[in-house]
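Peer 1: Would you be able to build a 3D model of this:
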Amino acid sequence: MDKKTVSRDGTAIAYERIGAGPPVVLVGGAMTTGDGLLPLAAQLA
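Peer 2: Numbering: from 1, shown residues only. Okay, the predicted model is just below:
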């Protein structure tokens, strides 16, 4: 992931921005990484 932010409770959150236009948030399941969603994110971009 190329960007990071911190939630109000201090939890670190990593994310990527791909493409342009209205945002779509893709959330992977437990015990996975965001890398599994990259092919779908690329198609949506």
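Peer 1: Now do the strands in the chain.
Peer 2: 3-6, 12-15 (DSSP state E).
Peer 1: Sheet-wise, list the partners of the last one with their directions.
Peer 2: If I follow you right, that is strand 12-15. Strand 12-15 pairs in its sheet with strand 3-6 (antiparallel), by DSSP bridges.
Peer 1: can I get the CA coordinates of the partner strand in PDB?
Peer 2: Taking Å, rounded to 0.1, in the frame of the first residue of the first chain, the C-alpha atoms of strand 3-6 are listed here in PDB:
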ATOM      1  CA  LYS A   3      -0.500   5.700   1.600                       C
ATOM      2  CA  LYS A   4      -1.300   5.500   5.300                       C
ATOM      3  CA  THR A   5      -3.600   7.300   7.700                       C
ATOM      4  CA  VAL A   6      -4.500   6.800  11.400                       C
END
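Peer 1: I'd like the strands of the chain as a markdown table, with distance to residue 27, mean neighbour count and mean pLDDT appended.
Peer 2: Yep, even glycine has a C-beta here, placed from its N, CA and C like the rest. What follows is these, written out as a markdown table (distance: least, CB to CB, whole Å; neighbours: other CB atoms under 10 Å; pLDDT from 0 to 100):
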| stretch | distance to residue 27 | mean neighbour count | mean pLDDT |
| --- | --- | --- | --- |
| strand 3-6 | 15 | 9 | 92 |
| strand 12-15 | 10 | 10 | 88 |
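Peer 1: and residue 39, which of the ones you listed is closest to it?
Peer 2: Ranking the strands of the chain by proximity to residue 39 (CB to CB) places strand 12-15 first, at 16.9 Å.
Peer 1: Can I get that closest one as PDB, trimmed to CA atoms?
Peer 2: Taking C-alpha atoms only, strand 12-15 is exported to PDB below (Å, rounded to 0.1, in the frame of the first residue of the first chain):
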ATOM      1  CA  ALA A  12      -3.100   2.500  11.300                       C
ATOM      2  CA  ILE A  13      -4.900   2.100   8.000                       C
ATOM      3  CA  ALA A  14      -3.000   1.600   4.700                       C
ATOM      4  CA  TYR A  15      -4.700   2.400   1.400                       C
END
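Peer 1: Check the offset of that strand from the chain's centre.
Peer 2: Chain-centre distance of strand 12-15: 8 Å, with CA atoms, centre = their mean, to the nearest Å.
Peer 1: I appreciate the help and will end here.
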